[in-house]
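J.: attaching a predicted model along with its sequence, questions to come.
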Amino acid sequence: MNLAAILRKIKEDKRYKDARSVAIQLPEGMKRGIEEITKEFRDKEVIFIGDPFWGACDIPQGGKWDLLIQFGHSPIPHLGSFPNIIFEEIQEDMDFEIKPENIPFESLILTSNVTYSAQLPKIKKTLEESGIRVTLKRGDQRVLYPGQILGCNISAARGLEGNVLFVGEGIFHPLGIALALPEKRVLAFNPRTGEYIDMEQERRKFLSQRYSAIDRAARAKTFGIIVSTKIGQTRYSLAKVASNIVHEAGRSAFLITLDLLRDEELVNFPAEIYVNTACPRVTIEDYGTFSRPVISFYELQMALGLKDKSRYIFDEIVMTDEIGSSSFRKRN
Ligand code: SF4
């Protein structure tokens, strides 16, 4: 990533030129590098958003700035267009080598996170030249690029092929694919370390943690159902269904809405179990940071005996809805 070139490109954008004030939203890993941004954007009134964010689902509302520049993520198509936001995705150049001999598949579906999505056509060509049949396809309206996977959406990995190759860092995205599509073999290639990881072991490890949370939920009496206020994470309708099925099972539930989903904000609510309808990443990656079990809507269904436990269902966001004043008005 060449930040200087990215910043110069942004300065050529008409939206930047027209703006007087600019808000900047950075992934945690980029916050230490704000000096370069401050220097380059010194012709504008700049404010940095302090809250952490993990995706384009998180668009700060109500700010007084003319333009928001969000670094690190691609827009989410089904959320609509945002004329006063520049989504600066930050894609990696291809300075790594993928070794077809390390990929034990005759055919596969090729996927990545946004960081490497621009490289997928080249990777496809390399693999095909060595005789591997490669499918690269666009997912649903939650993702922008062919092959792109989000922590909350693995639609680009669906298909008849029995294998999936994920290119990217960390195991969060390929774990989602392995959980959602257990019939497929999922291999993760990390371009930074050169490692190839078969996700089956990670899937089994994660499932044992999930089933222990489901068992605790099966015995619980009180459930706090969490709804996010973030525009691309709000699933109010799903939360209401969750609340209804808990009541129908003769237990108690209440809805909690919040922006940043952390234990500190929840700890005083008298829930034995939290049901997370916000970002599915929280249930997977942050699970250990909560003082009570956090489960997904589908895990709640399993806990209440409404879904067969033998087929684990991964929580994906396909569409979102609103928790805005109109929803409340309708109920009054
Ligand atoms: S909901 Fe979570 S996983 Fe999905 S885009 Fe937002 S931060 Fe990423």
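T.: Sure, I can see it.
J.: rest of the way, CA atoms for contacts and neighbours
T.: Fine.
J.: correct me, but residue 239 touches residue 223?
T.: No - between residue 239 and residue 223 there is no contact under CA atoms under 8 Å: 11.3 Å.
J.: joint contacts of these two?
T.: Common contact partners of residue 239 and residue 223 (CA atoms under 8 Å, 6 or more residues apart in numbering): none.
J.: can I get stretch 144-161 in PDB, CA atoms only?
T.: Taking C-alpha atoms only, stretch 144-161 is exported to PDB below (Å, rounded to 0.1, in the frame of the first residue of the first chain):
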ATOM      1  CA  LEU A 144     -18.900  -5.500  -4.300                       C
ATOM      2  CA  TYR A 145     -16.200  -7.600  -5.900                       C
ATOM      3  CA  PRO A 146     -16.200 -11.100  -7.400                       C
ATOM      4  CA  GLY A 147     -14.900 -13.500  -4.800                       C
ATOM      5  CA  GLN A 148     -15.200 -11.000  -2.000                       C
ATOM      6  CA  ILE A 149     -16.000 -12.400   1.400                       C
ATOM      7  CA  LEU A 150     -17.100 -10.500   4.500                       C
ATOM      8  CA  GLY A 151     -17.100 -11.800   8.000                       C
ATOM      9  CA  CYS A 152     -20.900 -11.600   7.700                       C
ATOM     10  CA  ASN A 153     -21.300 -12.800   4.200                       C
ATOM     11  CA  ILE A 154     -19.800 -15.800   2.400                       C
ATOM     12  CA  SER A 155     -22.200 -15.800  -0.600                       C
ATOM     13  CA  ALA A 156     -19.200 -15.700  -3.100                       C
ATOM     14  CA  ALA A 157     -18.000 -19.100  -1.800                       C
ATOM     15  CA  ARG A 158     -21.300 -20.900  -2.600                       C
ATOM     16  CA  GLY A 159     -21.500 -23.200  -5.600                       C
ATOM     17  CA  LEU A 160     -21.200 -26.800  -6.700                       C
ATOM     18  CA  GLU A 161     -17.400 -27.000  -6.500                       C
END
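J.: now it: buried residues?
T.: 144-158, 161 (16 or more other CA atoms under 10 Å).
J.: give me the domain ranges for the chain.
T.: 3-88, 100-198, 210-331 (automatic domain parsing).
J.: tell me which of those sits most buried.
T.: domain 100-198 (a mean of 20; mean count of other CA atoms under 10 Å).
J.: span of it from start to end?
T.: 15 Å (CA to CA, to the nearest Å).
J.: now it: average pLDDT?
T.: The pLDDT scores in domain 100-198 average 96.
J.: go on, stretch 319-332?
T.: Averaging pLDDT along stretch 319-332 yields 56.
J.: just to revisit the earlier point, out of the domains of the chain, which comes closest to residue 94?
T.: Residue 94 sits nearest to domain 100-198 of all the domains of the chain, at 6.5 Å, using CA to CA.
J.: tell me the SS of residue 254?
T.: strand (DSSP: H, G, I helix; E, B strand; the rest coil).
J.: when you give positions from now on, start the count at 27
T.: All right, first residue 27 from here; so that's residue 280.
J.: can you pull out the strands in the stretch 177-326 of the chain?
T.: 189-193, 211-216, 221-224, 248-254, 278-284, 299-302, 320-321 (DSSP state E, counting those that start in this stretch).
J.: would you mind putting the domains of the chain into TSV with distance to residue 120 alongside?
T.: Below are the domains of the chain laid out as TSV (distance: least, CA to CA, whole Å):
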stretch	distance to residue 120
domain 29-114	16
domain 126-224	6
domain 236-357	27
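J.: got those as JSON lines, with distance to the ligand columns?
T.: Shown next, in JSON lines, are those (distance: least, CA to the nearest ligand atom, whole Å):
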{"stretch": "domain 29-114", "distance to the ligand": "4"}
{"stretch": "domain 126-224", "distance to the ligand": "4"}
{"stretch": "domain 236-357", "distance to the ligand": "4"}
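J.: which among these is found nearest to residue 230?
T.: That would be domain 126-224 among these, by CA to CA, at 9.0 Å.
J.: what mean pLDDT does stretch 51-66 get?
T.: 93.
J.: then that stretch to CSV, C-alphas only?
T.: Taking C-alpha atoms only, stretch 51-66 is exported to CSV below (Å, rounded to 0.1, in the frame of the first residue of the first chain):
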residue,chain,number,x,y,z
GLN,A,51,-12.5,6.8,9.7
LEU,A,52,-9.4,4.5,10.0
PRO,A,53,-9.0,0.8,10.8
GLU,A,54,-7.1,0.4,14.1
GLY,A,55,-3.9,-0.5,12.2
MET,A,56,-3.7,2.8,10.4
LYS,A,57,-4.4,5.1,13.4
ARG,A,58,-0.7,5.5,14.2
GLY,A,59,-0.1,6.8,10.7
ILE,A,60,-2.3,9.9,10.9
GLU,A,61,0.6,12.3,10.6
GLU,A,62,0.9,11.7,6.9
ILE,A,63,-2.8,12.2,6.4
THR,A,64,-2.9,15.4,8.5
LYS,A,65,0.0,16.8,6.5
GLU,A,66,-1.5,15.9,3.1
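J.: show residues contacting it.
T.: In contact with stretch 51-66 (CA under 8 Å, 6+ apart) are residues 30, 33-34, 72, 74-76, 78-80, 94-98.
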